[in-house]
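*Asks:* Pasting a predicted model and its sequence here:
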Amino acid sequence: MTADAGDRAGRQPVRVAVRRLAHGADLALPAYETAGAAGLDLRAALGVTADPLVLAPGARALVPTGLAIALPPGYEAQVRPRSGLAVRLGLTVLNSPGTVDADYRGEIKVPLINHGQAAVTIEHGMRIAQMVIAPVTRATLVEAAELDATARGEGGFGSTGH
Ligand SMILES: O=c1ccn([C@H]2C[C@H](O)[C@@H](COP(=O)(O)OP(=O)(O)OP(=O)(O)O)O2)c(=O)[nH]1
Ligand SMILES: [Mg+2]
């Protein structure tokens with residue numbers, strides 16, 4: 001899908017300015033891998049000459065993507081795991097879903113953790129996570145002494161049974 005193609009609902013894509021940093025300058029910009037993909041795959045930007053990153057079982061690392069973005073006001077980017085890496089290797093995003101704020105101009109980084117039993121090697125350019133651009137609803141908190149009654153009330157955490 002090209003950058004300007006409408007999505008299946010006919011909406012125009014949101015335009016997001018992106019800056020490529022030196023250690024990811026050789027990497028392609030994130031792209032939707034299929035016509036209906038929700039996420040843009042993010043690559044590890046370690047630098048062409050850098051050694052791969054080895055994550056021992058249980059270890060974590062903040063992995064650079066070599067990208068900085070300027071989201072339009074009213075949007076966020078969610079950094080989510082790739083299911084294939086989770087299933088095959090036990091590799092996931094520690095703070096999932098990561099939140100990139102609309103006013104953040106720093107490098108997007110991915111806190112990865114290896115929940116697997118074997119070490120995982122992350123090479124420069126490896127697709128390590130995916131980024132979903134989403135609209136954000138902001139709320140005004142209105143303090144109240146009492147809240148309106150509902151059938152659920154204060155029940156939660158399994159109150160409806162298994
Ligand atoms: O997976 C992530 C999550 C966050 N960020 C960046 C963008 C985001 O706008 C900023 C702050 O993230 P967050 O609010 O989750 O972290 P915090 O610990 O609350 O930091 P801060 O005090 O800077 O808000 O860090 C990433 O690059 N990757
Ligand atoms: Mg924060």
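*Replies:* The structure has been received and is ready for your questions. Ligands and ions are numbered 1, 2, ... in the order given.

*Asks:* Give me the spatial nearest neighbour of the residue of the chain found nearest ligand 1, chain neighbours excluded.
*Replies:* Closest residue of the chain to ligand 1, CB to the nearest ligand atom: residue 98 (2.2 Å). C-beta: built from backbone N, CA, C; applies to glycine. In space, and not counting its chain neighbours, residue 98 is closest to residue 79: 3.3 Å by CB to CB, 6 or more residues apart in numbering.

*Asks:* Let me know the distance separating that neighbour from residue 149.
*Replies:* 38 Å (CB to CB, to the nearest Å).

*Asks:* For this protein, what lies in contact range of ligand 1?
*Replies:* 79, 95, 98, 99, 100, 101, 104, 108, 109, 110, 111 (CB under 6 Å from any ligand atom).

*Asks:* What is the neighbour count of the residue of the chain closest to ligand 1?
*Replies:* Using other CB atoms under 10 Å, residue 98 is surrounded by 19 other residues.

*Asks:* check contacts around it.
*Replies:* Contacts here follow CB atoms under 8 Å, 6 or more residues apart in numbering; on that basis residue 98 touches 78, 79, 80, 110, 111, 129.

*Asks:* Work out for me the element the residue nearest to residue 16 when sequence neighbours are not counted sits within.
*Replies:* In space, and not counting its chain neighbours, residue 16 is closest to residue 69: 5.4 Å by CB to CB, 6+ apart. Using DSSP states H and E, residue 69 sits in strand 60-70.
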